[in-house]
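I need the structure of the sequence given here:
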Amino acid sequence: MPRDMHDILRVDLPAAPSSCVVADSPHSGCEYPDDFGYACDFSELRKAEDAGLDSLYDFLPSLGVPFLQAQFPRSYIDPNRRDTVSERHARGEDATYHPSDGELLRDKCTPRSAQKIYARSLSLKEVFNRVAGYYQPYHDRLAALLDDACERHGRVIHLNCHSMPSTTHRGKRQNKYDFILGTRDGESCSPTIVKELKRLLEEKGYKVGVDVPGFRGAEIIRRSGHPVAGRHAIQVEVNRKLYMDEDAVTPLPAMAKLRDDLKDVMASFVKFCDALPKPPAPKWPKPPAL
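Residues are numbered from 1 along each chain as shown. As a prediction, the model looks like this:
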């Protein structure tokens, strides 16, 4: 279990006034818990991180945007996957847990890696402890930030920040996009808001895709995006080749320019979002006459 909340997450809050925009980075954590028990090369395991993403977006609070960051690595437990463990644990199951690609715990360091993370069996109880101690506190804090913004402004725009590899299809093809914006095929965000973010990024010269297969959005924006309720969510993927040496997991000099470009883009995007009209109050049906 974590020693304290600082091992789980970090929240950088803006000085007042705050924006209706809230951001999070669930995969940039690099504090590896003592009970991880991995058996692969640590240098290979680190390739699972969205390394440097917290620094790339560290300007967000200066724009009025709260910025939540996981401190634990996604390879330990992934906040962007559904909790498939708690109900089984509540039923008293004590089976062996089998990590696999696309689940809370992954089997290999990355989908394109040959190295398996574990050389041991994991119990359902061990995985549940990670859910209760890391996964759930992250989701609880994010939900509180989103609720607060929605209460203050009548709406919230959630930016779920990620980085993506420079190759796709398990390393067989070059990733042709600099950014991909995911909305679960329009389920999580108004098209008007997505188009504005896409336009701002393209004005800086970046190639931007929207809802590209494999990058449409996962569990976090599934939970947070409900446009009819004034809650919009976009998964924002940035190509690591723009700012990272992917093999060494170290930043490139080009990171400074990308950060400056993103700061300009986000400053304009936050102004756009804060100027949007508040959604109308829901019209509840009249109660039947007595």
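
how deep is S62 tucked in, by neighbour count?
S62 has 13 neighbouring residues, counting by other Cβ atoms under 10 Å. Any C-beta I mention is one placed from the backbone N, CA and C, and that applies to glycine too.

Report all helices and strands that the lowest-mean-pLDDT helix or strand in the chain contacts.
Every helix and strand of the chain was ranked by mean pLDDT, DSSP states H and E. The lowest is strand 167-168, at a mean of 85. Judged by 3 or more Cβ pairs under 8 Å, 6 or more residues apart in numbering; DSSP states H and E, strand 167-168 is in contact with strand 173-174.

which residues touch the next helix-or-strand element following the strand it packs on?
Of the helices and strands lying after strand 173-174 in sequence (DSSP states H and E), the nearest is strand 179-182. Here strand 179-182 makes contact (Cβ atoms under 8 Å, 6 or more residues apart in numbering) with 164, 194, 197-198, 201, 206-212, 215-217, 221, 234-239.

And for stretch 117-131?
With Cβ under 8 Å, 6+ apart, stretch 117-131 has contacts from 1, 37-40, 45, 75-77, 83, 85-86, 88-89, 93-99, 104-109.

repeat that with 6 Å
38-40, 77, 83, 85-86, 89, 93-97 (Cβ atoms under 6 Å, 6 or more residues apart in numbering).

show me the contacts for A254.
If a contact means Cβ under 6 Å, 6+ apart, then A254 has Y243 as its contacts.

still on that earlier bit, now, among the contacts of stretch 117-131, which is nearest to R173?
Nearest to R173 among the contacts of stretch 117-131 is C40, at 25.0 Å by Cβ to Cβ.

Can I get the longest helix belonging to the chain in CSV? Just the C-alpha atoms.
Longest helix of the chain, by residue count under DSSP state H: helix 255-274. Output in CSV follows, covering the C-alpha atoms of helix 255-274 (Å, rounded to 0.1, in the frame of the first residue of the first chain):
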residue,chain,number,x,y,z
MET,A,255,10.8,19.7,-26.1
ALA,A,256,11.1,23.4,-25.4
LYS,A,257,9.6,24.5,-28.7
LEU,A,258,6.7,22.0,-28.3
ARG,A,259,6.0,23.2,-24.8
ASP,A,260,5.9,26.8,-26.1
ASP,A,261,3.6,25.9,-28.9
LEU,A,262,1.3,24.0,-26.5
LYS,A,263,1.2,26.9,-24.1
ASP,A,264,0.0,29.2,-26.9
VAL,A,265,-2.5,26.7,-28.1
MET,A,266,-3.9,26.0,-24.6
ALA,A,267,-4.1,29.7,-23.7
SER,A,268,-6.3,30.3,-26.7
PHE,A,269,-8.3,27.1,-26.1
VAL,A,270,-9.0,27.9,-22.4
LYS,A,271,-10.3,31.4,-23.5
PHE,A,272,-12.5,29.7,-26.0
CYS,A,273,-13.9,27.2,-23.5
ASP,A,274,-14.5,29.8,-20.8
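
Show me which positions of that helix end up buried.
For helix 255-274, a neighbour-count test (16 or more other Cβ atoms under 10 Å) marks 255, 258-259, 261-263, 265-266, 268-270, 272-274 as buried.
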